[in-house]
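S.K.: Generate coordinates for the sequence data below:
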Amino acid sequence: MSRSQTTQKAAIRHFLDLKECSSADLRTILDLGARVKAMQEGRRHPLHPEQPLAGRTLGLIMAQPSTRTRVSFEVGMTQLGGAVTVLSPSDMQLGRGETIADTARVLSRFLDIIVLRTGHDANLRELATWSSVPVINGLTPVSHPIQILADVLTFEEHRGPITGRTLAWVGDGNNVATSLIEAAALLGFSLRLATPEGFEPSHHAVKWAREHGATIITTQDPLEAVKGADAVITDTWVSMGDTDADRRHRLFRPYQVNDALMEHASKDALFMHCLPAHIGEEVSKDVFEGPHSVVFDEAENRLHSQKGLLLWCLGKD
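M.R.: This is a model prediction of the structure:
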């Protein structure tokens, strides 16, 4: 690889995990998302009159089913003036044995940015290693950083700066929890996580966040986690790829977010969920449809926060 190629590669703005971002870059992405949302709503300016991503093409590789990720990136890129092509592995030679390295190098000649949603974190890493255009993590079993962008944007719209606040996570210590832990270190909020034994959040993520100044409390007691919290967050008990549904339902039953649990949070606490939700399992209908819930604001903000991310990745900040 030539020196110029090395320099070019070093300058690529991938978005793989939050811990690989600086606090300043994460704040820039969030602020861009808030600004383009205000523009879209017509409160200050017309919608992106200059179409900052005109002539750019986004490739969406969806190796797993998706509603919010696919639609929000398609709509967001289009609103910014760009084009989108959607691929699944079965549509590509990747599904017939072509290597990820070769796929990355070919797609980099056609596309300006790539989003990958995959069941294997190693695939994301390899794609980014060989790609000469930015790669965004659209979800892996390890992390889900784009969801946290929407969560933080939603919280700050309703309650102001997230720095110094306390959030609670109740349920499975999964990929979303991992990214939330990393965000706590970068944005300066405290996080308490209540999970059953055997479903604790990533030890490595907790260790990293604490080493970077975050207050992270892990417990098996949901009441301890939510006491006085400014937001209570949960996710499904059974995710894609999980094969132990009956066991999970039995173990997670005490972790349902319901009115009784929300009473221990702050009086104006928000309830958040990345969706899709299973009403009557991880959350009661009264909470999901109640005054604490901002889940559909959160879903909408996938669009706006990801537009901020696309602009940042492509150097339009």
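S.K.: CA only for contacts and neighbour counts going forward, please
M.R.: Will do.
S.K.: list the helices and strands the helix or strand L26 falls within packs on?
M.R.: According to DSSP states H and E, L26 maps onto helix 23-40. When contacts are defined as 3 or more CA pairs under 8 Å, 6 or more residues apart in numbering; DSSP states H and E, helix 23-40 sits against helix 145-159, helix 175-187, helix 295-313.
S.K.: could you give the mean pLDDT of it?
M.R.: On average, the pLDDT along helix 23-40 is 95.
S.K.: Now find how far off-centre the next helix or strand after it is within its chain.
M.R.: Counting by DSSP H and E, the element after helix 23-40 in chain order, helix or strand, is strand 57-62. Centroid separation for strand 57-62 versus its chain: 17 Å, with CA atoms, centre = their mean, to the nearest Å.
S.K.: Tell me which residues are up against strand 57-62.
M.R.: 70, 77, 82-89, 111-118 (CA atoms under 8 Å, 6 or more residues apart in numbering).
S.K.: Whichever of those end up buried, select them in ChimeraX.
M.R.: Buried residues among the contacts of strand 57-62 (16 or more other CA atoms under 10 Å), as a ChimeraX selection:
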select :70,77,82,83,84,88,111,112,113,114,115,116,117,118
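S.K.: Just the contacts of strand 57-62: which are in helices?
M.R.: Counted as lying in helices by DSSP state H, out of the contacts of strand 57-62, are 70, 77.
S.K.: Among the contacts of strand 57-62, which are located in strands?
M.R.: Judged by DSSP state E, strands contain the following of the contacts of strand 57-62: 83-87, 113-117.
S.K.: I'd like these as a markdown table, with distance to D268 appended.
M.R.: Listed next are the ones in strands among the contacts of strand 57-62 as a markdown table, based on distance: CA to CA, whole Å:
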| residue | distance to D268 |
| --- | --- |
| A83 | 41 |
| V84 | 40 |
| T85 | 42 |
| V86 | 40 |
| L87 | 42 |
| I113 | 39 |
| I114 | 39 |
| V115 | 36 |
| L116 | 36 |
| R117 | 34 |
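S.K.: Among these, which one lies nearest to I279?
M.R.: I279 lies nearest to R117 out of these, by CA to CA, at 25.4 Å.
S.K.: what's the distance between the closest one and R192?
M.R.: Here the criterion is CA to CA, to the nearest Å. By it, R117 lies 28 Å from R192.
S.K.: circling back to that earlier point, what is the orientation angle of the helix holding L26 with helix 295-313?
M.R.: Relative orientation of helix 23-40 versus helix 295-313 (axes from the mean of the first three to the mean of the last three CA atoms, to 10 degrees): 110 degrees.
S.K.: Please identify the buried residues of helix 23-40?
M.R.: Within helix 23-40, the residues that qualify as buried are 26, 28-40, counting by 16+ other CA under 10 Å.
S.K.: Closest to I181 out of those residues?
M.R.: L26 (14.0 Å).
S.K.: just to revisit the earlier point, in TSV: the buried residues of helix 23-40, plus distance to L314.
M.R.: Shown next, in TSV, are these (distance: CA to CA, whole Å):
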residue	distance to L314
L26	15
T28	13
I29	11
L30	15
D31	16
L32	13
G33	14
A34	17
R35	17
V36	15
K37	18
A38	21
M39	19
Q40	20
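S.K.: Show me where the stretch 101-250 of the chain dips below the pLDDT cut-off.
M.R.: Applying pLDDT under 70 to the stretch 101-250 of the chain flags residues 241.
S.K.: change it to 90
M.R.: Within the stretch 101-250 of the chain, the stretches with pLDDT under 90 are 239-245.
S.K.: quick revisit: mean neighbour count, the helices and strands packed on helix 23-40: which tops it?
M.R.: helix 175-187 (a mean of 25; mean count of other CA atoms under 10 Å).
S.K.: and that one, what does it pack onto?
M.R.: Looks like helix 175-187 contacts helix 23-40, helix 145-159, strand 190-194, helix 203-211 (3+ CA pairs under 8 Å, 6+ apart).
S.K.: quick one: which of these is nearest R96?
M.R.: Set against R96 and scored by CA to CA, the helices and strands packed on helix 175-187 come closest in helix 145-159, at 29.2 Å.
S.K.: Tell me the helix or strand right after that closest one.
M.R.: Remark: after helix 145-159, the chain's next helix or strand is strand 166-170, criterion DSSP H and E.
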